[in-house]
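A.B. asks: Using only what follows, build the 3D model:
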Amino acid sequence: MAWTPAPSTRVGELESGGFDRAFNMLHGPGGEDGTIQGVLEWLRIPYTGSGVLASALAIDKDATCRLWRGEGLPVPDGVRTNDPREAASLIARLGASLIVKPDHDGSSFGVVKLERADESSLAKAIRESCGGRDSVRVERLIHGREFTAAVLGEGASARMLPIVEIIAPGGDYNSVNKYQGSEVKYACPAALPESTAQAVERDVLRAYRVIGARGWGRIDFMMEEGAWRLLEINTNPGMTPHSLVPMAARAAGISYEELVMQVAAAARLD
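C.D. replies: Predicted coordinates:
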């Protein structure tokens with residue numbers, strides 16, 4: 001039987017449950033950062049999604065971008081910091097149009113956009129975004145179209161599903177627009193030239209494999225004046241019937257039920 005874990009579940013219940021696999025639907029710290037993956041490895045319960053190392057790496061936005069940049073993949077210019085006193089030097093390096101992101105969080109929580117940052121506003125954004133307990137990644141703000149690309153599989157057999165374009169009010173796909181209201185629109189497959197879509201696919205699949213992701217995942221990217229930049233990878237993306245990965249799967253002719261079974265069938269240990 002399969003099991004969908006809850007954050008409050010005790011390890012003893014997992015150990016004694018007789019589960020043959022776990023379908024991991026947890027997000028954020030504990031569920032997406034290698035922690036529950038490590039517990040399941042120790043208990044020898046195969047699980048869906050990426051393993052311990054890939055999960056821990058992918059939850060770290062700065063580490064992910066550094067790895068991708070080192071592999072020649074396109075990422076935004078950015079710097080990791082937890083020190084508001086670095087605001088002036090960051091503006092000098094990156095410019096005044098910036099985005100500040102918590103380094104180990106998701107769902108756009110804690111993200112601050114600054115169109116014309118000065119030392120005071122950037123210092124405040126760093127303090128608010130990191131909350132005194134985490135680092136942040138400060139990036140040059142990209143003005144352009146926003147997309148996401150879902151990937152299924154592992155290694156050489158990984159395949160990208162049709163690209164989704166996210167069309168948010170004012171171009172701001174923040175946590176409020178993601179989870180409240182209905183103003184965000186989606187286009188899948190995204191309206192991109194075939195040559196561009198193929199080039200993006202090569203970069204997305206390479207980025208997925210470089211991280212060591214498996215099972216399924218989603219890579220977000222933005223495009224400005226025809227050039228794209230990979231932003232981050234979600235190794236445990238949302239899987240409600242209305243989430244982005246099922247949306248892309250439907251465009252590829254894969255039903256929600258078939259998608260769930262594909263992901264579940266790929267459950268394994270490192």
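A.B. asks: Then Arg209 would be within a strand, right?
C.D. replies: No. Counting by DSSP: H, G, I helix; E, B strand; the rest coil, Arg209 is located in no strand; its state is helix.
A.B. asks: Please report the distance of it from Ala150.
C.D. replies: According to CB to CB, to the nearest Å, Arg209 stands 15 Å off from Ala150. Bear in mind the C-beta positions are built from the backbone N, C-alpha and C, glycine included.
A.B. asks: Have a look at the two and say which one is more surrounded.
C.D. replies: Neighbours per residue, other CB atoms under 10 Å: of Arg209 and Ala150, the larger number sits with Ala150, 28 against 16.
A.B. asks: Which residues does the host helix or strand of the more buried one contact?
C.D. replies: Under the criterion DSSP states H and E, the helix or strand holding Ala150 is strand 145-154. Contact with strand 145-154 is made by 158-161, 163-168, 171, 173, 190, 200-201, 204-205, 208, 213-224, 228, 237, 244-245, 248-249, 262-263, 266, as judged by CB atoms under 8 Å, 6 or more residues apart in numbering.
A.B. asks: tell me the mean pLDDT for the helix or strand following that strand?
C.D. replies: Following strand 145-154 in sequence order, the next helix or strand is strand 159-160 (DSSP H and E). Averaged across strand 159-160, pLDDT comes to 98.
A.B. asks: ditto for stretch 72-84
C.D. replies: Mean pLDDT, computed over stretch 72-84, is 96.
A.B. asks: Compute the first-to-last residue distance for it.
C.D. replies: One end of stretch 72-84 sits 30 Å from the other (CA to CA, to the nearest Å).
A.B. asks: can you check stretch 11-23 too?
C.D. replies: The first residue of stretch 11-23 is 16 Å away from its last residue (CA to CA).
A.B. asks: Identify the residues contacting Asn234.
C.D. replies: Applying CB under 8 Å, 6+ apart, we find Asn234 in contact with 32, 58, 106, 217-220.
A.B. asks: Pairing partners for Gly78 in the sheet, please.
C.D. replies: Glu139 (DSSP bridges).
A.B. asks: any idea how far it is from Arg229?
C.D. replies: To Arg229, Gly78 is 10 Å away according to CB to CB.
A.B. asks: Show me which of these two is the more surrounded one.
C.D. replies: Gly78 (25 against 22).
A.B. asks: how close does the more buried one get to Met261?
C.D. replies: Gly78 is 38 Å from Met261, where distance means CB to CB.
A.B. asks: Verify the contact between Glu232 and Arg218 for me.
C.D. replies: No. Using CB atoms under 8 Å, Glu232 makes no contact with Arg218, being 9.2 Å away.
A.B. asks: what about those two, which has more around it?
C.D. replies: Arg218 (24 against 20).
A.B. asks: So which elements touch the helix or strand containing the more buried one?
C.D. replies: Here Arg218 sits within strand 214-224, counting by DSSP H and E. Helices and strands touching strand 214-224, by 3 or more CB pairs under 8 Å, 6 or more residues apart in numbering; DSSP states H and E, are strand 145-154, helix 194-211, strand 227-234, helix 244-251, helix 256-265.
A.B. asks: Between the contacts of Asn234, identify the one with the most neighbours.
C.D. replies: Ile219 leads the contacts of Asn234 on contacts (other CB under 10 Å) with 28 neighbours.
A.B. asks: so who does that residue touch?
C.D. replies: 148-149, 151, 204, 207-208, 230-234.
A.B. asks: Please identify which two of these are farthest apart in space.
C.D. replies: Using CB to CB, those reach their maximum pairwise distance at Val151 and Leu231, which is 14.7 Å.
A.B. asks: measure the most centrally placed residue in the chain to Gly49 for me?
C.D. replies: Of all residues in the chain, the one closest to the mean position by CA atoms, centre = their mean is Asn234, 2.7 Å from it. Relative to Gly49, Asn234 is positioned 10 Å away (CB to CB).
A.B. asks: Mutual contacts of the two, please.
C.D. replies: Gly217.
A.B. asks: Which residue, other than its chain neighbours, is closest to Leu259?
C.D. replies: Among residues not flanking Leu259 along the chain, Ala249 sits closest, at 4.5 Å (CB to CB, 6 or more residues apart in numbering).
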